[in-house]
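1. The following block contains a protein sequence and its predicted model.
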Amino acid sequence: MGRDKLALSFGGTTLLAERAAEFRARFANVYLSVAAADSYPEIDCARIIDSVERCGPMGALYSALSQLKSGVFLCAGDMPYASSEAALRLLEQVQPSGADIVWAEPTFAYYAESVLAVAGAHIASRDYKLRGLIPELWSVYYELPERELFNVNTPEDYALLNRGVETGQAQLRRK
């Protein structure tokens, strides 16, 4: 993106602030995974400071599992339409499945505490892709509409998002 995409404007606030508000409305504990404690001071959430630097969502997951000592639901801050309702539906699959991972997208997923050791091994081998955890553990895929999982990775994605916000009819398919 060339800039902090989580600070991009969306819905009268920022992508990250909008996601935080969405999840705080339904979940008692919402944490921001950040490199520094003073990141995003405008957002009223507890912080999980990255214990491993520069390895993206894998580092965030590892830090959260290490520090919280429990399973975690991970939602990327650049997924503007990811809803807390969808997260709750996905989480309903955790108990009956007994899975280590219940996922719709690697950055919209539940990860059990049992994932910690495997995530640590991936980090040690410099393999930072969350998707790599899925075949190594008991995982259950949970299908969600494509719109829920849209994420903003490029200026083109952000342009699509803005057109959708303006018209209310986002066409969020990428090539």
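-> Noted; the coordinates are in hand.

2. send the alpha carbons of the lowest-mean-pLDDT helix or strand in the chain over as PDB?
-> Taking mean pLDDT, DSSP states H and E as the measure, the chain has helix 155-167 as its least confident helix or strand, at a mean of 81. The C-alpha trace of helix 155-167 is given here as PDB (Å, rounded to 0.1, in the frame of the first residue of the first chain):
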ATOM      1  CA  PRO A 155      -4.800   1.100  -3.700                       C
ATOM      2  CA  GLU A 156      -7.100  -0.600  -6.200                       C
ATOM      3  CA  ASP A 157      -8.800  -2.500  -3.300                       C
ATOM      4  CA  TYR A 158      -9.200   0.800  -1.400                       C
ATOM      5  CA  ALA A 159     -10.800   2.400  -4.500                       C
ATOM      6  CA  LEU A 160     -13.200  -0.500  -4.700                       C
ATOM      7  CA  LEU A 161     -14.000   0.000  -1.100                       C
ATOM      8  CA  ASN A 162     -14.700   3.700  -1.500                       C
ATOM      9  CA  ARG A 163     -16.900   3.100  -4.500                       C
ATOM     10  CA  GLY A 164     -18.900   0.500  -2.400                       C
ATOM     11  CA  VAL A 165     -19.200   2.900   0.500                       C
ATOM     12  CA  GLU A 166     -20.500   5.700  -1.800                       C
ATOM     13  CA  THR A 167     -23.000   3.600  -3.700                       C
END
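
3. What are the buried residues along it?
-> Asp157, Tyr158, Leu160, Leu161, Gly164 (16 or more other CB atoms under 10 Å). In short, each C-beta sits where N, CA and C put it, glycine included.

4. For these, could you give me TSV that also reports distance to Phe150?
-> Below are the buried residues of helix 155-167 laid out as TSV (distance: CB to CB, whole Å):
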residue	distance to Phe150
Asp157	8
Tyr158	11
Leu160	8
Leu161	8
Gly164	9
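
5. Just the closest of those residues to Gly2, please.
-> The closest of the buried residues of helix 155-167 to Gly2 turns out to be Tyr158 (CB to CB; 11.0 Å).

6. Helix, strand, or coil at the closest residue to the closest one other than its chain neighbours?
-> Distance criterion CB to CB, 6 or more residues apart in numbering; nearest residue to Tyr158, sequence neighbours excluded, is Val152 at 5.2 Å. Here Val152 is recorded as coil under DSSP: H, G, I helix; E, B strand; the rest coil.

7. give me every residue that touches Val152.
-> By CB atoms under 8 Å, 6 or more residues apart in numbering, Val152 lies in contact with Met1, Lys5, Leu8, Leu15, Asp78, Met79, Pro80, Tyr158, Leu161.

8. Asn151 is in contact with the first one, correct?
-> This means Met1. No: here Met1 lies out of contact with Asn151, judged by CB atoms under 8 Å, at a distance of 11.1 Å.
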